[in-house]
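> coords below, sequence missing:
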């Protein structure tokens, strides 16, 4: 995880009940919860709104579905052994949990935050599969939304996905994991996309990108101390 590895270490001694519940859904969700779950929970409503918007735009979430309801279904289905790793594709898993019959008494046992985090997690995993992202990348993107919701908006993120820019490298760019050449190329692509969506100059966008990266690292430092 690199950028996020310190988060898991920071919360390991006081692992929240919410992250623990989400981890029960399966191995992929366990990794998601331990690496970025606590960050996302710091702004769960905002992140849920953004990820639901992306899921709807990409055809992952149906118009009448809510991300917390999907999370509720995933949590209850996991108790019956229905987990993502038991299916060949995430589409097959999503179809199964949609058909799962919810038990109201079970729903009442889970907090809204737990349902939201679970729903965010399974939607992020579906996004990773749809766009062939590296494991954990959509979860890291969701954490970035929590840390800087004014920049990482649904509109901006959707624009990145619709562009020809490699989403894996965009996330690596904000983590400062790219070499100088790749970082420059991604920055130029981000600037080009941003210019299509705003009246900002290239110089203004470059300054903003540098500030966003600095703010993210500062936020992580605060989270782990």
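That came in fine, so what should we check first? Keep in mind it's a predicted model, so treat the numbers as computed, not measured.

> what's next to stretch 42-54, contact-wise?
Applying Cβ atoms under 8 Å, 6 or more residues apart in numbering, the contact partners of stretch 42-54 are 40, 60-61, 66-68, 112-113, 116-117, 119-120, 123-124, 127, 142, 145-147, 149, 152-154, 157-158, 161. Quick note: C-beta positions are derived from backbone N, CA and C, even for glycine.

> pull out the buried positions in it.
When burial is assessed from 16 or more other Cβ atoms under 10 Å, stretch 42-54 yields the following buried residues: 43, 44, 46, 47, 48, 49, 50, 51, 52, 53, 54.

> please apply the same query to stretch 172-181.
By neighbour count, and taking 16+ other Cβ under 10 Å as the criterion, the buried residues in stretch 172-181 are 172, 173, 174, 175, 178.

> now do stretch 76-87
Neighbour-count burial for stretch 76-87, with 16+ other Cβ under 10 Å as criterion, is recorded at 76, 77, 78, 82, 83, 84, 87.

> now it: how far from the chain's centre is it?
Averaging C-alpha coordinates over stretch 76-87 and over its chain gives two centres that are 20 Å apart (Cα atoms, centre = their mean, to the nearest Å).

> quick one: mean pLDDT for it?
Model confidence over stretch 76-87 averages 94 on the pLDDT scale.

> distance between the ends of it?
The first residue of stretch 76-87 is 17 Å away from its last residue (Cα to Cα, to the nearest Å).

> which strands and helices sit next to the longest helix along the chain?
The helix that spans the most residues within the chain, counting by DSSP state H, is helix 202-223. Judged by 3 or more Cβ pairs under 8 Å, 6 or more residues apart in numbering; DSSP states H and E, the packing partners of helix 202-223 are helix 5-11, helix 137-147, helix 167-174, helix 180-197.

> tabulate those helices in JSON lines, adding columns for mean pLDDT and distance to residue 93.
Written out in JSON lines, the entries for the helices and strands packed on helix 202-223 read as follows (pLDDT from 0 to 100; distance: least, Cβ to Cβ, whole Å):
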{"stretch": "helix 5-11", "mean pLDDT": "52", "distance to residue 93": "24"}
{"stretch": "helix 137-147", "mean pLDDT": "95", "distance to residue 93": "15"}
{"stretch": "helix 167-174", "mean pLDDT": "95", "distance to residue 93": "22"}
{"stretch": "helix 180-197", "mean pLDDT": "93", "distance to residue 93": "32"}
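
> pick the most deeply packed of those.
Greatest average neighbour count among the helices and strands packed on helix 202-223 goes to helix 137-147 (a mean of 25), per mean count of other Cβ atoms under 10 Å.

> helix 202-223 and that one, what's the angle between them?
Relative orientation of helix 137-147 versus helix 202-223 (axes from the mean of the first three to the mean of the last three Cα atoms, to 10 degrees): 90 degrees.

> which residues touch helix 137-147?
Contacts with helix 137-147, where a contact means Cβ under 8 Å, 6+ apart, come from 1, 3-4, 31-32, 35-36, 39-40, 42-44, 46-47, 50-51, 120-121, 124-125, 127-128, 152, 157, 167-168, 171, 174-175, 215-216, 219-220.
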